[in-house]
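fold the following.
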Amino acid sequence: MVLVKTQAGQEALKDRRGSLSSRQRSAFILFDGKRTMGEVLAATAAMGITQDDVQTMIAQGLLAPLSGQPMPVFAAATTSAAGTAADLDAPGTDLGTIASPMEGSGRSPKERYQAAYPIATELTAGLGLRGFRLNLAVEGAGSFDDLAALAPKIREAVGEGKFERLDHALFD
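I've put the predicted structure just below:
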């Protein structure tokens, strides 16, 4: 599910007062019409952003589905701040590529990690000081899930063209 900011959401972001907490504001900024809800939740999980936060932003009229997409349906159970991609799997929720590591070529998550890790370190090391923290996060990633959670940040930092190799290694 791809969500975009509404006009009311844009105004709330500019206003800096009102219904958005600082952690929600960080997640809200990432809803750009390109990232899936799953990617945003994965990227902001360390801040404690959950589906409840996204649901609140939708209910307040700050976010809406990309035109032509149905309204998301959320599970009754909430996820913890340390929720995994499997915890986020709810009917009507598009988790993007992080939800099913066995799809595509049929490689195991371990094989995907082993193929993607050197590419991710190469890409983030090439950012220099600008990507120092991201590079440290990649070097600390010990599993497919860790790298998949960092993928949206890497994509944003290096651009679509360079990210394509990593995307293929992780998700194809």
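
per-residue confidence at residue 141?
On the pLDDT scale, residue 141 is placed at 86.

for the spatially closest residue to it that is not a sequence neighbour, grab phi and psi.
Spatial nearest neighbour of residue 141, chain neighbours left out: residue 147 (4.8 Å); criterion: CB to CB, 6 or more residues apart in numbering. C-beta coordinates here come from the backbone N, C-alpha and C atoms, glycine included. Here is the backbone geometry of residue 147 (degrees, to the nearest 10): phi -70, psi -40.

isn't residue 147 up against residue 119?
No: at 9.6 Å, residue 147 does not count as touching residue 119 under the criterion of CB atoms under 8 Å.

the more surrounded of these two?
Shown here are residue 147 and residue 119; by other CB atoms under 10 Å, residue 147 has more neighbours (24 against 20).

what's the separation between that one and residue 166?
Relative to residue 166, residue 147 is positioned 8 Å away (CB to CB, to the nearest Å).

the residue nearest to residue 141: what's it in contact with?
The contact partners of residue 147, taken as CB atoms under 8 Å, 6 or more residues apart in numbering, are 113, 116-117, 120, 138, 141, 170.

one more time with 7 Å
Residue 147 makes contact with 113, 116-117, 120, 141, 170 under the criterion CB atoms under 7 Å, 6 or more residues apart in numbering.

now do residue 116
By CB under 7 Å, 6+ apart, the neighbours of residue 116 are 147, 166, 169-170.

centroid-nearest residue for the protein?
residue 39 (2.0 Å; CA atoms, centre = their mean).

and it, how far is that from residue 139?
Residue 39 is 21 Å from residue 139, where distance means CB to CB.

domains of the chain?
Per automatic domain parsing, the structural domains of the chain span 3-99, 109-171.
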